[in-house]
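Chemist: Sequence and predicted structure are below.
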Amino acid sequence: MVRRVGFMGALALGVLGGCDQPPTGGGDTDDTDPADTDPQDTDVGATCDARTGGALITLQVVDDSFSFWSTNGPFIDQAKVLLDTSATQVPVFDTITLGAGCDPQWSWTVDPQGQAWADLTIEVCDGTPSYIQGDPSAWLASPGQWCPWSAVVTAVDDRR
């Protein structure tokens with residue numbers, strides 16, 4: 001069961017579920033610069049179709065679907081467990097970046113390595129993809145991290 005608390009509750013518990021960690025960066029195995037990608041370009045997904053060395057993961061966040069590339073082995077393994085068991089945890093993405101990535105419906109994506117699962121996170125990093133899409137540059141500036149509380153894993157295409 002996922003227990004959610006507000007920011008002050010998380011501070012009182014001394015648990016921030018990974019959202020307080022600095023971005024770890026990480027290397028995407030694709031040489032394509034996401035900043036050079038046109039969010040309306042339908043070929044963006046094709047570049048992800050050919051990727052190996054990670055997994056294409058899809059989340060349902062309220063009414064939004066969000067697909068992203070992950071090269072974080074433990075994150076991928078847990079995503080598969082969550083998919084198979086219908087259990088839930090909160091995904092924590094250290095960094096969002098501008099550029100469509102593997103999901104051309106969004107003009108931003110997440111760092112493929114800086115990902116973790118948590119039972120608790122601070123409230124300020126919760127949001128839907130469409131909310132971030134409203135002003136991704138502002139989200140990048142603050143909070144910068146993303147931890148959608150209502151996320152449910154709907155697909156894991158493991159290509160490791």
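Modeler: Thanks, I have the structure now.
Chemist: pLDDT weak spots in the chain?
Modeler: For the chain, the stretches with pLDDT under 70 are 1-46.
Chemist: Distance of D49 relative to V124?
Modeler: According to C-beta to C-beta, to the nearest Å, D49 stands 34 Å off from V124. For the C-beta atoms, the positions are set from N, CA and C on the backbone; glycine is no exception.
Chemist: same check, this time on V81
Modeler: Distance from V81 to V124, by C-beta to C-beta: 27 Å.
Chemist: tell me which residues in the lengthiest helix in the chain are buried?
Modeler: The longest helix of the chain (DSSP state H) is helix 73-85. Buried residues in helix 73-85, counted by 16 or more other C-beta atoms under 10 Å: 75-76, 78-79, 82-83.
Chemist: now stretch 55-63
Modeler: Quick answer for stretch 55-63 (16+ other C-beta under 10 Å): 55-59, 61.
Chemist: Just those residues: which are in helices?
Modeler: Among the buried residues of stretch 55-63, none falls in helices (DSSP H).
Chemist: Specify which member of those is nearest to T154.
Modeler: When the buried residues of stretch 55-63 are ranked by distance to T154 (C-beta to C-beta), T58 comes first, at 5.0 Å.
Chemist: The closest one contacts P129, doesn't it?
Modeler: No - using C-beta atoms under 8 Å, T58 is not in contact with P129, being 11.3 Å away.
Chemist: Tell me where the protein has helices.
Modeler: Going by DSSP H, the chain shows helices at 7-13, 44-49, 73-85, 129-134, 136-141.
Chemist: Using JSON lines, please lay out these together with distance to V92.
Modeler: Output for the helices of the chain, formatted as JSON lines (distance: least, C-beta to C-beta, whole Å):
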{"stretch": "helix 7-13", "distance to V92": "12"}
{"stretch": "helix 44-49", "distance to V92": "22"}
{"stretch": "helix 73-85", "distance to V92": "9"}
{"stretch": "helix 129-134", "distance to V92": "15"}
{"stretch": "helix 136-141", "distance to V92": "15"}
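Chemist: for the ones you listed, which one sits closest to P104?
Modeler: With C-beta to C-beta, the closest approach to P104 among those belongs to helix 44-49: 4.4 Å.
Chemist: And the buried residues of helix 73-85, which is closest to D135?
Modeler: Using C-beta to C-beta, F75 comes nearest to D135 of the buried residues of helix 73-85, at 26.5 Å.
Chemist: Can you tell me, leaving aside adjacent residues, what's nearest to the closest one?
Modeler: Q115 (4.2 Å; C-beta to C-beta, 6 or more residues apart in numbering).
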